[in-house]
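> Test case, fold it:
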Amino acid sequence: MHDLAEQDLVERAANGCRQSFANLVEHYRDRLFRFLALRCANREDAEDAVQEAFVAAWRYLPSYNARWRFSTWLYRIGLRNLPKARPASEPLGDHEAPGTDALGAAEIDNLWRLAREHLSPDACAALWLRYGEDMSIRDTAQTLSRSVPWVKVSLLRSRRQLAAVADGARS
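Have a look, this model is predicted:
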């Protein structure tokens, strides 16, 4: 979905168009679930948080500020609706991990498992938003309520830490 079409859907949904909001839900449901699953103890908690995020988004859509991407606003709502428990260290299934053309599904799953095991929840979320969701650094910072420098440093340190862990696993 490109930005103009998304912005049109957001505006129509804010004016009460349920079908426009349903289109937004369809577009973001799986992505939001994958992001929140990184921070939840189990699948059910992530599913509940997604549902609560969309209910809150519908309720507060008139307060949405188009200065930020809709995904940034929605992910922040999702973070606010998370249970307070620390996420489990179980890896996401292959169908739940973001993909890239350069890596196979097993390598991607392993990479996200390593990230969940060795990084803080915030650092793992920053990696996910930046590389899994292709969010800008600015939007990642906004979503996580962190500064742009924090995101840049966190991404750099996280990449280094994951590279060291992966190199250690190969030895």
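> can you give me the helices for this protein?
With DSSP state H as the criterion, the chain has helices at 3-14, 18-37, 43-60, 70-80, 105-118, 121-127, 137-144, 148-170.
> buried sites along the shortest one?
The reference is to helix 121-127. Asp122, Ala123, Cys124, Ala125, Ala126, Leu127 (16 or more other CB atoms under 10 Å). Every residue, glycine included, has its C-beta placed from N, CA and C.
> And those, which is closest to Val55?
Distance to Val55 across the buried residues of helix 121-127 (CB to CB) is lowest for Ala125, with 21.7 Å.
> Against Thr140, how distant is that closest one?
To Thr140, Ala125 is 8 Å away according to CB to CB, to the nearest Å.
> returning to what we had before: comparing the helices of the chain by mean pLDDT, which bottoms out?
Mean pLDDT values for the helices of the chain show the minimum at helix 105-118, a mean of 74.
> so Cys40 makes contact with Ala46?
Yes: between Cys40 and Ala46 there is a contact at 4.2 Å, judged by CB atoms under 8 Å.
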